[in-house]
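Q: make a model of this:
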Amino acid sequence: MEIRHLKLIKAIAEEGSLTKAIDKLHLTQSALSYQLKEAEQHIGTKLFSRVNKKMVLTKAGEKLFETAKEILDKLAETEQQIKKSVFGEFGEIKISTECFSSYHWLPSVMKQFQLLYPNVDLKIVAEATHYPLQKLLNGILDVAITSDPVKNDKLKYIELFQDEMVVIVPSHHAWVEKKFVLPKDFVNEHLLIHSLPLETVTVHQFFLAPAKVTPKKITPIPLTEASIEMVKADMGIMVMAKWAAQPYLRHNALRAVKIGKAGLKRKHYVAMMAHKTYPPYFTQFVEFLQHEINLQFDV
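A: A predicted model of the protein is given here:
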C-alpha cells in the first residue's frame, strides 16, 4: 500500500464519490479508478460499496480510512517540522512606517529577508502610514518603524539607523551659497511635503515648529518625482533624507543644503509591544533590518 492509495481512500471517503475526489487529488477519473483497483487488489477486499450513487466505506475500508488519516496527518506534521528546520520559522509580520521615504529601502530589505526566510510572510500595511504606533497599539501591526519614539510603557524601541535630512533646491537658488539654513530662512519659501498632517513632517516637527516658523506656503504632493520636478522648475523646495536625495542630485538642476548648523538628524526605530512574546523570527527580522540597511544604503 502506497501513500497515494491512502490519499485516494481518504479523499473518496470524505467526498463520497470518485467525481468529487477528482477535484481534491487533481487526477483523472480513470487514474483514480485504477488506483482504487490497485488498493483493493493489494488489501484483498472491497474498500467501498456503491449506495445510491454514493461510495460508502466497507468494514475493511473504514479500518483503512482511520489508519490513512493517522498516517497522512503524521506525515504532514513531519513535513512541516522538516521544512521548519530547513527554512526556519513559519509566520507573518505586519509592518508599516510613519515616513514614506522608508519605502525607498523597506521593500528591498524585505525581499532580501524573504529569500532567507521564505515561510515568513511580510506584509506592508500602507494604510497605517503616519500613525504606525497607534496601529501597533491597536493590534493592526506587529512592527512599526518610526523616527518619533513616543514614550509609552506598552511599547519598546530598537534603534535601526540615523540619517540626515537636507533641503533640495534648484541650482540657482540663493541658499546654494549657504553652509546651512536656519528656520527663519523658510519664512518666504514654498515648502513641498509628501502629505499631511504637518505634525508628522520631520522638518516641521523638529526644526520649524520649535522656532515657531511657518513657511509662506505648504503644499502636500504624494509623489516624490512630482515634487522634484516642481523644485527643478523653481516652484518650491522640499526636504528629504540625504541618502534618498543622491539619485536626484546627479542632475545639475538640483542642490542639497544642510538644515541647521549641526544638521537635521533623525533616528529610526523599530517599535514593538513591550510585554508581548514574539516568535523568534521577529528578532531575526529586526537584526536583519539593522544589518542590511547599513550594508545596502549609505544612511
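
Q: mind naming the longest strand for the chain?
A: Assignment by DSSP state E gives strand 155-170 as the longest strand of the chain.

Q: partner strands of that one, parallel or antiparallel?
A: Partner strands and pairing direction for strand 155-170 (DSSP bridges) are strand 237-241 (antiparallel), strand 254-258 (antiparallel), strand 264-273 (antiparallel).

Q: any chance of those in CSV, plus distance to K53?
A: Yep, even glycine has a C-beta here, placed from its N, CA and C like the rest. Shown next, in CSV, are these (distance: least, C-beta to C-beta, whole Å):
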stretch, distance to K53
strand 237-241, 68
strand 254-258, 76
strand 264-273, 55
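
Q: which of the ones you listed is buried the deepest?
A: Of these, the one with the most neighbours on average (mean count of other C-beta atoms under 10 Å) is strand 237-241, at a mean of 24.

Q: so which bits of the helix or strand that it is followed by are buried?
A: Per DSSP states H and E, the first helix or strand lying C-terminal to strand 237-241 is helix 242-249. By neighbour count with 16 or more other C-beta atoms under 10 Å, helix 242-249 contains the buried residues 242-245, 248.

Q: could you dump the residues you listed to CSV with pLDDT and distance to S171?
A: Formatted as CSV, those follow (pLDDT from 0 to 100; distance: C-beta to C-beta, whole Å):
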residue, pLDDT, distance to S171
K242, 90, 17
W243, 84, 20
A244, 84, 19
A245, 89, 14
Y248, 89, 12
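
Q: now, among those residues, which is nearest to D142?
A: Nearest to D142 out of the buried residues of helix 242-249 is A244 (C-beta to C-beta; 25.3 Å).

Q: for the lengthiest helix in the chain, what is the distance to the chain centroid?
A: Using DSSP state H, we find that the single longest helix of the chain is helix 59-87. Centroid displacement of helix 59-87 relative to its chain, using C-alpha atoms, centre = their mean, to the nearest Å, is 33 Å.

Q: ok, of the buried residues of helix 242-249, which one's closest to D121?
A: For those, the nearest to D121 is A244 (27.0 Å; C-beta to C-beta).

Q: surely the closest one meets E164?
A: No: counting by C-beta atoms under 8 Å, A244 does not reach E164; the two are 10.6 Å apart.

Q: for stretch 266-278, give the mean pLDDT please.
A: Here stretch 266-278 scores 92 as its mean pLDDT.

Q: with just CA atoms, put it into CSV.
A: What follows is stretch 266-278, C-alpha atoms only, in CSV (Å, rounded to 0.1, in the frame of the first residue of the first chain):
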residue,chain,number,x,y,z
ARG,A,266,16.8,61.7,12.8
LYS,A,267,17.0,58.2,14.3
HIS,A,268,14.8,55.5,13.0
TYR,A,269,13.5,52.8,15.4
VAL,A,270,11.6,49.6,15.3
ALA,A,271,8.7,49.7,17.7
MET,A,272,7.2,46.6,19.2
MET,A,273,4.9,45.8,22.0
ALA,A,274,6.9,45.7,25.3
HIS,A,275,5.1,42.9,27.0
LYS,A,276,4.3,40.7,24.0
THR,A,277,6.1,37.4,23.4
TYR,A,278,7.1,37.4,19.8
